[in-house]
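Chemist: Got a sequence here, can you model it:
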Amino acid sequence: MAHVKTIQPAPRLTDVQIKARISVAKSTGKLDLSGAGLTRIPCEVLKIKDLQELAIHGNDFEEIPPEVVEFKQLKRLGAAGNRIAHVPEEIGELEELEGLWLHGNQLEELPNTVGNLRALQNLSLSGNKLHGLPEDVGRMSSLVELTVAGNKLQELPRGIGSCSNLQVVHLHGNDLVEVPLELCRCTALRTLYLQGNKLRVVPDHAKHWNEMQELSLADNLIEHLPDPSDGLQSLKTIYLYGNKLQDLPSSLKDLPNLQNVWVENNPLEWQKLQALLGQIGHLRSFGIDKDQAHSIPPLGSSTENGHVKMSEIHSDGLQGYFKLQRSHSDKRAPVLIVAFGSAPGVPNWGGLLGRLRKAMPAGSQDSFDVLFVVDPSRSWYSGNQSENSHYAQQLKKVASQYQRTLLLGDSMGASACLLYAQAATSVLAFCPQVDLVYSSIRPGESQHWFSKMRDSITNALEGYTGDVQVHTGSWEHDSYQAQLVEHFNSVAVTKHGIDSHRLALALHRQDKLLPVVMKKLQEELEACSGGGGV
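Modeler: You can find the predicted model right below:
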């Protein structure tokens, strides 16, 4: 039974705070009215004609207020996490605008006039309901970063090929059926995320991405990759797992900077891969699964295969990454660490867990296995129906084979930790999102959907007898989210003096993250009965 505690309402700016911020903005040109409960721009703000930055995240706007066009010098406009379903055509009059953040809203379309934003460098539209982008997006000649993950895009406009400065594109979790040929004309691309779509075809012209360093085509329906000969010269990492590939182009060996290749959960045979691996001497990691490697020598028996990372796939043919890396091929470790990916939709925590293994005392370095779980569709791990989701089923299936299970995640991944706490003996969650009504990073779902997810987290923690450790920073939003669960008997909240949602990264940079995870793992090992494999 949870302790009875009064939960404070979500943090909102008071009238006094709003007036104070407006007063300061008159001299700085920068105004942050995020989380103020606004439905319109205060009249006093409209008098600041030289305003350059305006943040209205986390309010109750249902449209971009047309009066923002009065700020002719505006360079940054942030309106994420509202209820915005309409962007007025007047938005195109903001000719000085360099950044526009509209993620976590209810947008189904954008006006063609966004093409007039010639100075725009960053456009964030993730977590909406967009079925397409306007053709005139190609006139955004300064665009460098475009994020449209977690929408309903079936195609991209042909004009996007004219965005010659485009370097980073996030399109994961949409309904694209092919890599748009027009995107291949964006030769400055360095990062492209296309996982979790319905891709079947990758055009030959993709090899012209000579600046590309990280490419994710994972969790699609791709059967064939084009020959990258004379192209992709800068490529370092490519994610290909969860497709229908039966072979890989031999010319991969000619990519001089290629370091990491992940091909798990494809119908590839080891005999075909072995010849390719023998010709690529500069790889750091080549990820394969147990089914592909039925004839591979035991890991560690040959330095030739030292860069091969073998795992077991537990997705049962469903979308989503369920990759189990075992310490020993012939037995299970006593503890399972489940590492949930966050909103970018790629595996997290691999580097930290590798360092954790090396830092463990002698004799206990093989004491844990790792299950990497990723939600490529940006659905918050089916948060509104988590009890019946395939994530719940697969987690329980794998975790039941271990003495102890520790769930690990941050942000969206931390939410998953709370949603699926019942499958584990302990949880380590960094800045979990509990009530998405008050989050800017969220899927483009309804208020009812968000409420159901919060109820799912409450149901998971009610009566839970394990140990839940929630870590949060000093940012009011994250503190509020942690407050929503700290009254449960199983939950302990640790607050850090870091004013950032990216708390885990900040702790890592201060060399404080690894000790936190190691301490929790050691507690799990001590709780194991006998400490041996099962």
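Chemist: Keeping just the C-alphas, turn the least confident helix or strand in the chain by mean pLDDT into PDB.
Modeler: The element with the least model confidence among the helices and strands of the chain, by mean pLDDT, DSSP states H and E, is helix 270-279, at a mean of 76. Taking C-alpha atoms only, helix 270-279 is exported to PDB below (Å, rounded to 0.1, in the frame of the first residue of the first chain):
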ATOM      1  CA  TRP A 270      27.200 -17.400 -41.400                       C
ATOM      2  CA  GLN A 271      28.900 -19.100 -44.400                       C
ATOM      3  CA  LYS A 272      28.000 -16.100 -46.500                       C
ATOM      4  CA  LEU A 273      29.100 -13.600 -43.800                       C
ATOM      5  CA  GLN A 274      32.300 -15.300 -43.100                       C
ATOM      6  CA  ALA A 275      33.900 -14.500 -46.400                       C
ATOM      7  CA  LEU A 276      32.900 -10.900 -46.100                       C
ATOM      8  CA  LEU A 277      34.300 -10.700 -42.500                       C
ATOM      9  CA  GLY A 278      37.600 -12.100 -43.600                       C
ATOM     10  CA  GLN A 279      38.000  -9.200 -45.900                       C
END
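Chemist: Next, the buried residues of it.
Modeler: Of all the residues in helix 270-279, those buried under the rule 16 or more other C-beta atoms under 10 Å are Trp270, Leu273, Leu276, Leu277. C-betas here are computed from N, CA, C, even on glycine.
Chemist: Next, give me the two most distant ones among those residues.
Modeler: Taking C-beta to C-beta, the two most distant members of those are Trp270 and Leu276; they sit 10.6 Å apart.
Chemist: which stretches of the stretch 201-350 of the chain have low pLDDT?
Modeler: Under the criterion pLDDT under 70, the flagged ranges of the stretch 201-350 of the chain are 295-306.
Chemist: how about the helices of it, start to end?
Modeler: 270-279, 350-359 (DSSP state H, counting those that start in this stretch).
Chemist: which one of those lies closest to Phe430?
Modeler: Across those, closest to Phe430 is helix 350-359 (C-beta to C-beta), at 11.5 Å.
Chemist: Around the closest residue to Asn122 other than its chain neighbours, count how many other residues there are.
Modeler: With sequence-adjacent residues excluded and distances taken as C-beta to C-beta, 6 or more residues apart in numbering, Asn122 is closest to Gly99, at 4.3 Å. Neighbourhood size, Gly99 [other C-beta atoms under 10 Å]: 17.
Chemist: Glu95 reaches Val114, doesn't it?
Modeler: No: using C-beta atoms under 8 Å, Glu95 is not in contact with Val114, being 12.0 Å away.
Chemist: Which one of those two is surrounded by more residues?
Modeler: More neighbours surround Val114 than the other of Glu95 and Val114, with 22 against 13 (other C-beta under 10 Å).
Chemist: got a list of what that one touches?
Modeler: By C-beta atoms under 8 Å, 6 or more residues apart in numbering, the residues touching Val114 are Val87, Ile91, Gly92, Leu120, Pro134, Asp136, Val137, Met140.
Chemist: Using the three-state scheme, assign the second one.
Modeler: When states are read from DSSP: H, G, I helix; E, B strand; the rest coil, the local structure at Ile91 comes out as helix.
Chemist: ok, it to Gln246 distance?
Modeler: According to C-beta to C-beta, to the nearest Å, Ile91 stands 47 Å off from Gln246.
Chemist: now swap in the third one and tell me
Modeler: In this structure, Gly92 and Gln246 are 47 Å apart, going by C-beta to C-beta.
Chemist: Neighbour count for those two, which is higher?
Modeler: Neighbours per residue (other C-beta under 10 Å) separate Gly92 from Gln246, with Gly92 holding more: 20 against 12.
Chemist: Please tell me I have it right and the more buried one contacts Arg118.
Modeler: No: contact criterion C-beta under 8 Å: Gly92 and Arg118 do not qualify, at 9.8 Å.
Chemist: Where does pLDDT dip in the protein?
Modeler: Along the chain, the model assigns pLDDT under 70 to residues 1-9, 295-306, 386-388, 529-534.
Chemist: List the contacts of Glu269.
Modeler: Contacts of Glu269 were listed using C-beta under 8 Å, 6+ apart, and they are Gln292.
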